[in-house]
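Got a sequence here, can you build the structure:
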Amino acid sequence: MMAKQLNQRQAQWSLYLPHFDFVLQHRPGKSMGKPDALSHRSNHGTGADDNSDVILLTPKLFAVRVLEGLEFTGPEQDILRDIRQGTKQPKEEPVARAAQELRKSSTRSLRSAEWSERDGLLYYRGCIYVPNTSDLHRRIVSLCHDTKVAGHLGCFKTLELVSRSYWWPNMSWYIGMYVSHCDLCLRTKIQHRLTSGELQPLPIPDERWDAISVDFISELPESGGYDSIMW
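Sure thing, here's the model as predicted:
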């Protein structure tokens with residue numbers, strides 16, 4: 001017997017078999033006539049397609065419950081009310097006016113299919129469009145960042161929470177600016193970078209031209225084949 005590298009299945013059996021007291025005895029093939037004949041029956045399958053098209057977990061094993069609808073409660077009800085009031089005046093809201101013109105156009109395009117209207121709300125790709133009126137953007141981001149349930153998450157996680165239900169132009173930029181200027185986050189969160197070192201003043205030279213400093217101004221418009229200046 002030679003030791004060899006076991007695969008995962010062999011390693012599993014090697015841990016399971018030591019629980020039993022057994023001895024393996026070899027018997028030559030000539031003394032195994034009857035069992036050997038049974039293993040060579042002509043009606044035995046080859047096993048080539050035994051595990052094909054097999055569903056391990058059938059649908060009847062799952063209890064499926066479909067959500068009947070999404071219910072907004074608390075501050076979100078006031079936000080939705082203000083959003084409805086803002087979208088009712090498309091003349092003052094350029095995005096809502098453009099979406100209304102797209103939906104009314106005779107030629108249906110991919111852009112117009114992305115917009116829809118339900119219950120007085122304008123939807124863009126399934127998300128509620130938030131007009132740029134009052135302080136709606138701040139209230140929505142505050143709801144997804146400042147509350148105890150939200151937990152003052154970072155920029156990307158806050159953006160993911162807001163984008164589940166709402167959308168407006170330049171939303172990622174606005175959320176990034178809001179989170180980066182959050183007072184509580186700046187005072188309590190750990191900075192995952194090295195602290196800036198103190199500025200060390202240069203020693204005063206003893207005489208003229210004793211120390212010379214050089215700086216470069218680069219990425220200038222090319223002139224005469226050059227785009228940098230040594231200052």
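
from here on, contacts and neighbour counts on C-alpha atoms
Noted.

Next one: residue 77 from residue 140, what distance?
Remark: distance between residue 77 and residue 140 (Cα to Cα, to the nearest Å) = 11 Å.

more neighbours, these two?
residue 140 (18 against 12; other Cα atoms under 10 Å).

State the mean pLDDT of the strand or helix carrying that one.
Taking DSSP states H and E as the definition, one finds residue 140 inside helix 136-145. Mean pLDDT, computed over helix 136-145, is 92.

can you pull the alpha-carbon coordinates of it into CSV?
Extracted in CSV, the C-alpha atoms of helix 136-145 (Å, rounded to 0.1, in the frame of the first residue of the first chain):
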residue,chain,number,x,y,z
LEU,A,136,-36.5,66.9,-0.7
HIS,A,137,-33.0,65.6,-1.6
ARG,A,138,-31.7,66.4,1.9
ARG,A,139,-34.7,64.9,3.7
ILE,A,140,-34.4,61.6,1.7
VAL,A,141,-30.6,61.3,2.2
SER,A,142,-31.0,62.1,5.9
LEU,A,143,-33.6,59.4,6.2
CYS,A,144,-31.2,56.8,4.7
HIS,A,145,-28.1,58.0,6.5
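
Name the residues that touch it?
79, 82-83, 130, 150-153, 158, 161-162, 175, 178-179 (Cα atoms under 8 Å, 6 or more residues apart in numbering).

Quick check: buried residues in it?
136, 137, 140, 141, 142, 143, 144, 145 (16 or more other Cα atoms under 10 Å).

do the same with stretch 179-188
Buried, per 16+ other Cα under 10 Å, within stretch 179-188: residue 179.

got the end-to-end distance for that stretch?
Start-to-end, stretch 179-188 (Cα to Cα) is 13 Å.

which other residues reach it?
145, 152, 154, 155.

just the residues you listed now: which is nearest residue 33?
residue 154 (73.4 Å; Cα to Cα).

Okay, now the unreliable bits of the chain?
Residue ranges of the chain with pLDDT under 70: 1, 47, 63-73, 89-92, 102-112, 134.

where does the residue minimising distance to the centre of it land in three-state SS?
In the chain, the residue lying closest to the centroid (Cα atoms, centre = their mean) is residue 160, at 7.3 Å. Assigned by DSSP: H, G, I helix; E, B strand; the rest coil, the conformation of residue 160 is helix.

Okay, strands next: where are they in this structure?
Taking DSSP state E, the strands of the chain run over residues 115-118, 121-124, 127-129, 166-167, 216-217, 229-230.

Among the contacts of helix 136-145, name the buried ones.
Counted by 16+ other Cα under 10 Å, these give 79, 82, 83, 130, 152, 158, 161, 162, 175, 178, 179 as buried.

Please tell me how far the third one sits from residue 131.
Which is residue 83. Taking Cα to Cα, one finds residue 83 at 7 Å from residue 131.

Residue 130 and residue 170: what is the separation?
11 Å.

how far out from the middle of the chain is the longest helix belonging to the chain?
Ranked by residue count, the top helix of the chain under DSSP state H comes out as helix 75-87. In terms of Cα atoms, centre = their mean, to the nearest Å, the centre of helix 75-87 is set 28 Å apart from its chain centre.
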